[in-house]
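Colleague: Model the structure of this input:
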Amino acid sequence: MAEQTINLEQEKMLFERLKKDPEAIGEVYDRYSKQLYSYLLKRCGHKETAEDLVAQSFMKLLESAPNLEWRGVPVSAWLYRVATNALADHWRSSATRKSTSLDDDDEGWDPPAPDDTSWLAEMSIEGDRLKAAMNQLSKRDQEVLALKFYTGLATEEIAVELSISNNHAAVLIYRALGRMRKLLIQTTN
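Modeller: Got it, this is the predicted structure:
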């Protein structure tokens, strides 16, 4: 708990510097850009789009910094919210969706050809099913699952991000997964 307090104190100092010194954006960028990029890439599946959205998020931070108010949460929480909103705007304005590439590590699985329409249709349906289930979850569950699976944060990092204990973070992840599993089972029956 003392480590979380120190981290929040450091975050507050960075936050205050950011409000007065635009060059502090570099430190924020160094600290969070890779995680934010990973989060967005997992959600949109398109490298260039993820890069653009990261840039938009940091531009928004730079523009908004003088007017932001400290609320006891890390700067990254603000960035993830802006990035999530930017991605939602992107999907609304985009006529096509990009698909993510699959890992070829599984030797027992022969991936389908890129132009296999039945596979593309099946993956689109599964993607829609996952998104629909995710959208039915509470905002808190969505946030926890996004941090865990889209961003790839460890439970301890999620705990710091949400300013909660490691055990509480683990319980939130477990329960959110249970609710997601239940929704997916309901849609197949």
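
Colleague: middle-most residue in this protein, spatially?
Modeller: Tyr39 (3.9 Å; Cα atoms, centre = their mean).

Colleague: Please report how far that one lies from Val73.
Modeller: Distance of Tyr39 to Val73, given as Cβ to Cβ, to the nearest Å: 16 Å. Every C-beta, even on glycine, is put in place using the N, C-alpha and C of the backbone.

Colleague: send the alpha carbons of the helix or strand of the chain with the lowest mean pLDDT over as PDB?
Modeller: When the helices and strands of the chain are scored by mean pLDDT, DSSP states H and E, helix 2-20 comes last with a mean of 73. Only the C-alpha atoms of helix 2-20 are listed here, as PDB (Å, rounded to 0.1, in the frame of the first residue of the first chain):
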ATOM      1  CA  ALA A   2       2.900   2.400   0.700                       C
ATOM      2  CA  GLU A   3       4.200   1.800  -2.800                       C
ATOM      3  CA  GLN A   4       0.800   2.800  -4.200                       C
ATOM      4  CA  THR A   5       0.900   6.000  -2.100                       C
ATOM      5  CA  ILE A   6       4.400   6.800  -3.400                       C
ATOM      6  CA  ASN A   7       3.300   6.100  -7.000                       C
ATOM      7  CA  LEU A   8       0.200   8.400  -6.500                       C
ATOM      8  CA  GLU A   9       2.400  11.100  -5.000                       C
ATOM      9  CA  GLN A  10       4.800  10.800  -8.000                       C
ATOM     10  CA  GLU A  11       1.800  10.900 -10.400                       C
ATOM     11  CA  LYS A  12       0.500  14.000  -8.700                       C
ATOM     12  CA  MET A  13       3.900  15.700  -9.000                       C
ATOM     13  CA  LEU A  14       4.000  14.700 -12.700                       C
ATOM     14  CA  PHE A  15       0.400  15.900 -13.100                       C
ATOM     15  CA  GLU A  16       1.200  19.300 -11.600                       C
ATOM     16  CA  ARG A  17       4.400  19.700 -13.800                       C
ATOM     17  CA  LEU A  18       2.300  18.700 -16.800                       C
ATOM     18  CA  LYS A  19      -0.100  21.600 -16.100                       C
ATOM     19  CA  LYS A  20       2.700  24.200 -16.100                       C
END
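
Colleague: on contacts alone, who are the packing partners of the following helix or strand past it?
Modeller: Scanning forward in sequence from helix 2-20 by DSSP states H and E, the next helix or strand is helix 24-44. Other elements packing on helix 24-44 under the criterion 3 or more Cβ pairs under 8 Å, 6 or more residues apart in numbering; DSSP states H and E are helix 2-20, helix 47-64, helix 75-93.
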